[in-house]
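>>> Build me a model:
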Amino acid sequence: MTDIKKLVGESLTEIIEAAKHGGPRVKVGLMASGSELGSEELAEGARLALSAHGNVLPVMIGPKIAGFEELEWIETPSAPGSGACEAEISDAMEAALKDGRIAAAVALHYPFPLGVTTIGRVLTPSRGRAMLVAATTGTSSANRGEAMLKNALYGIATAKVLGIKHPTVGILNVDTAQPVFRALTRMAEKGYGIKFGSSVRKDGGAVLRGNDILMGAVDVCVADALTGNVLMKMFSSFSTGGSYEAFGWGYGPSCGEGWKNIVSIISRASGAPVIAGALSFTAAAAAGDLPGKVAAEIAAARRAGLDEEIAALTPKAAEDDVKAPPKEPTDEELNGVDVLEIENAVRTLWKAGIYAESAMGCTGPVVKLASKNAERGESILKENGFL
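Numbers count the residues shown, from 1 in each chain. You can find the predicted model right below:
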């Protein structure tokens, strides 16, 4: 009888909570130690999430902190200075995920396997618009092109979890941006449902500059994880001097093919507002079945040639025996070749008897050649997959 009363009581509590907040709260674990700002900052973030975000019920994992007894806790022993405390917190978090006491977790560090990355969310300063950054930690693949291509898919899946049915996508103008854009374009032509955004600059296009990410020109900004990690730190602490991350939703939930856990990352410099946002973001990812959304996105992309595009993103070997034709004035520029392919593109033109040079223009790398050869040169680069 006691067990029945307890079950009924818990069910009534859940119903009341759902009625008060417009839906059920998702239990999300939060590591209670490891912040450079102190454990109290983590607990303050959980308290803020509890009061400001109706979709999440934070569960603190670690030694209980005085003054925060109203929060739910999974307690672990204290071990000051030994490092054992954080290890035990990590173990407790893993156990809670495995047995279902929490649906997801927010951690300050996590050993993601190769193939798993996180999708962050920032508040862009120019217009106060939210933007997803794909990706921010971990890595989708050891192959840079494959990683960025998959980052785009994971960013789209995460946007859909947040209720954005047709998210706009842009690729940050970093190494491999152009080949990834071309791969996504070909997949779109074969039926993959991607909606490209556009740069706010006069010439537009889905390859983004710094101005675009400051303005939040797209819903999903695709980058490599190292660049994305830097962007997260810049956006979250641009007004504080860097020692306190005050804005945004953290480094985001984990995504990967076949990956089932939802573990989000925050920094050791993340302040209470970011921690609260991360907890809410993670609850939304769990409620929206992010692993299922990722699987569906990969399946749709695979039907549109994902595997073939990944194979095509393997860098071509340079032909070192090719010699440059006689030098001539280069008064024309061809844009759109990725910086990692620029030298191979030049060598391809040399092989065809066209003198060309590589250079860095204001919008990225360019191939310089004589205007009389521009049309033929562009055709050759297209035939060889550089444009």
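>>> Helices of this structure, start to end?
Residue ranges of the helices in the chain, as given by DSSP state H, are 2-21, 39-52, 84-99, 144-161, 177-189, 210-215, 225-237, 272-287, 290-303, 306-312, 342-351, 374-383.
>>> Which among those helices is found nearest to Met31?
Closest approach to Met31 among the helices of the chain is made by helix 84-99 (5.3 Å; C-beta to C-beta). Any C-beta I mention is one placed from the backbone N, CA and C, and that applies to glycine too.
>>> Residues in contact with the closest one: which ones?
Here helix 84-99 makes contact (C-beta atoms under 8 Å, 6 or more residues apart in numbering) with 29, 31-34, 59, 61-63, 74, 76-79, 102, 104-105, 107, 261, 263.
>>> got the buried residues for that helix?
Across helix 84-99, burial judged by 16 or more other C-beta atoms under 10 Å covers Cys85, Glu86, Glu88, Ile89, Ser90, Ala92, Met93, Glu94, Ala96, Leu97.
>>> Filter the contacts of helix 84-99 down to the ones in strands?
The subset of the contacts of helix 84-99 located in strands under the criterion DSSP state E comprises Gly29, Met31, Val59, Ile61, Ile74, Ala104, Ala105, Ala107, Val263.
>>> Need the residues you listed in CSV (columns: pLDDT, neighbour count and distance to Pro291).
Converted to CSV, the ones in strands among the contacts of helix 84-99 look like this (pLDDT from 0 to 100; neighbours: other C-beta atoms under 10 Å; distance: C-beta to C-beta, whole Å):
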residue, pLDDT, neighbour count, distance to Pro291
Gly29, 98, 28, 17
Met31, 96, 24, 21
Val59, 98, 22, 20
Ile61, 97, 29, 21
Ile74, 96, 19, 23
Ala104, 98, 25, 10
Ala105, 98, 28, 14
Ala107, 97, 21, 17
Val263, 98, 22, 11
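>>> Taking these, tell me the two that lie furthest apart.
With distance counted by C-beta to C-beta, no two of the ones in strands among the contacts of helix 84-99 lie farther apart than Ile74 and Val263, which are 15.4 Å apart.
>>> which other residues reach the strand of greatest length in the chain?
In the chain, taking DSSP E as the definition, the longest strand is strand 129-138. Among residues not part of strand 129-138, those counted as contacts by C-beta under 8 Å, 6+ apart are 112, 116-124, 147, 151-152, 154-155, 158-159, 167, 213, 215-216, 218-225, 228-229, 231-232, 249, 251-252, 254-256, 265.
>>> rerun that using 7 Å as the cut-off
With contact meaning C-beta atoms under 7 Å, 6 or more residues apart in numbering, strand 129-138 is reached by 112, 116-124, 151-152, 154-155, 158-159, 213, 216, 218-223, 225, 228-229, 231-232, 251-252, 254, 265.
>>> try stretch 257-267
Residues beyond stretch 257-267 that count as contacts (C-beta under 7 Å, 6+ apart) turn out to be 97, 104-108, 110, 115-116, 118, 137, 245, 250-254, 274-275, 278, 281-282, 285-286, 290-291, 298.
>>> cutoff 6 Å now
For stretch 257-267, the surrounding residues in contact (C-beta atoms under 6 Å, 6 or more residues apart in numbering) are 97, 104-108, 110, 116, 118, 137, 245, 250-254, 275, 278, 282, 285-286, 290-291, 298.
>>> Ala206 and Gly170 touch, don't they?
Yes: under the criterion of C-beta atoms under 6 Å, Ala206 lies in contact with Gly170, with a separation of 5.0 Å.
>>> and the two? which has more neighbours close in?
The residue with more neighbours, out of Ala206 and Gly170 and counting by other C-beta atoms under 10 Å, is Gly170; that gives 27 against 22.
>>> care to break the protein down by domain?
Split into domains by automatic domain parsing, the chain comes to 2-106, 117-312, 332-383.
>>> For those domains, could you give me TSV that also reports distance to Lys323?
As requested, the domains of the chain are exported to TSV (distance: least, C-beta to C-beta, whole Å):
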stretch	distance to Lys323
domain 2-106	56
domain 117-312	26
domain 332-383	7
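>>> from those, which stretch is densest packed?
Each of the domains of the chain was given a mean neighbour count from mean count of other C-beta atoms under 10 Å, and the largest, a mean of 21, is that of domain 117-312.
>>> From start to finish, how long is that domain in a straight line?
Terminal residues of domain 117-312 are spaced 22 Å apart (C-alpha to C-alpha, to the nearest Å).
>>> Stretch 188-196 now?
Across its full length, stretch 188-196 reaches 10 Å between end residues, using C-alpha to C-alpha.
>>> ok, now stretch 366-381?
Using C-alpha to C-alpha, the end-to-end distance of stretch 366-381 comes out at 12 Å.
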